[in-house]
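*Asks:* one predicted model, sequence on top.
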Amino acid sequence: MGKLFYLIGKSSTGKDTIFQSLLEREELGLKPLVLYTTRPMRAGETPGVQYHFTDEAGLSRLQAAGKVIELRAYQTVHGIWKYFTADTEATDLERFHYIAVGVLESFRALRDYYGADRVVPLYIEVEDGERLQRALDRERTQEKPRYAELCRRFLADSEDFAEERIRKAGITKRFYNRDLKECLEEITRFIFQEQQGKNGPEA
């Protein structure tokens, strides 16, 4: 059987970069499980790669069809943005390994949906000062920087990723993204070991 490796962490910890880099490592054979969002697409993003971008009407259709596994709504300075996972991907955990990016809530929902033995958390950490600088640098590249939203999200992360919540989610191992290359190598070794374990596919 395959596994779903789930990247989790505060904003600007490099999750999207790590996600893409791991997908490109052919030896891991990972397939993407792409989440949905109603937020505006950022510069440099591609539909179906970072997220499936939709609107409220699209979300309502998926909910009516019983396809939404988990849903999160965030009140931002630009209105309510929603992020959710829908069972519309061609996922075959009997044969393949997958990787996705999300938050603690979505991790718990997917773990409950697919089973704790199938969903493996990859928790990424970065020192807060460095993380804030990364977020600021990224926002400056946007056509219309949203600095107020950057600050709101940074502060919200402290509550969303409180140590008690991390413990309750059953997350014990962490990957520190001080150096991207070293972090990627550590995660790659971990994934490979998980794939070769008793729950990994035979082929």
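*Replies:* Alright, I've got the coordinates.

*Asks:* okay, strands next: where are they in this protein?
*Replies:* 4-9, 30-32, 36-37, 52-53, 68-76, 79-86, 97-102, 119-125, 174-176 (DSSP state E).

*Asks:* okay, those, which one's buried deepest?
*Replies:* strand 4-9 (a mean of 24; mean count of other C-beta atoms under 10 Å). For every residue, glycine as well, the C-beta is placed using N, CA and C.

*Asks:* contacts for it, please.
*Replies:* Under the contact criterion C-beta atoms under 8 Å, 6 or more residues apart in numbering, strand 4-9 has outside partners 15, 18-19, 22, 30, 33, 91, 93, 97-104, 106-107, 110, 114, 118-126, 161, 171, 191, 194.

*Asks:* picking that back up, for residue 43, find the nearest of the strands of the chain.
*Replies:* Residue 43 lies closest, by C-beta to C-beta, to one member of those: strand 52-53, at 13.3 Å.

*Asks:* sheet partners, orientation included, of the closest one?
*Replies:* According to DSSP bridges, strand 52-53 has the following sheet partners: strand 36-37 (parallel).

*Asks:* contacting residues around the strand it pairs with?
*Replies:* With C-beta under 8 Å, 6+ apart as the test, strand 36-37 has contacts from 51-54, 59, 62, 81-86.

*Asks:* all helices for this protein, in order.
*Replies:* Secondary structure of the chain by DSSP state H: the helices cover 15-23, 56-64, 104-114, 128-140, 147-160, 163-168, 180-195.

*Asks:* now the second one: buried residues?
*Replies:* Neighbour counts over helix 56-64 (16 or more other C-beta atoms under 10 Å) mark 59, 62 as buried.

*Asks:* list the helices and strands it packs on?
*Replies:* Packed against helix 56-64, as judged by 3 or more C-beta pairs under 8 Å, 6 or more residues apart in numbering; DSSP states H and E, are the following elements: strand 68-76, strand 79-86.

*Asks:* okay, the angle between that helix and strand 68-76?
*Replies:* With axes from the mean of the first three to the mean of the last three C-alpha atoms, to 10 degrees defining the directions, helix 56-64 sits at 150 degrees from strand 68-76.

*Asks:* next, the angle strand 79-86 makes with helix 56-64.
*Replies:* For helix 56-64 against strand 79-86, the angle by the same axes, to 10 degrees is 40 degrees.

*Asks:* distance between helix 56-64 and the chain's centre?
*Replies:* 21 Å (C-alpha atoms, centre = their mean, to the nearest Å).

*Asks:* use 68 as the first number for this chain going forward.
*Replies:* In the new count, where the first residue is 68, that last one comes out as helix 123-131.

*Asks:* put the alpha carbons of that helix into CSV.
*Replies:* The C-alpha trace of helix 123-131 is given here as CSV (Å, rounded to 0.1, in the frame of the first residue of the first chain):
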residue,chain,number,x,y,z
GLU,A,123,-17.9,29.8,-3.8
ALA,A,124,-20.1,28.3,-6.5
GLY,A,125,-17.5,25.6,-7.3
LEU,A,126,-17.2,24.8,-3.6
SER,A,127,-20.9,24.5,-3.3
ARG,A,128,-21.1,22.0,-6.2
LEU,A,129,-18.4,19.8,-4.6
GLN,A,130,-20.2,19.9,-1.2
ALA,A,131,-23.5,19.0,-2.8
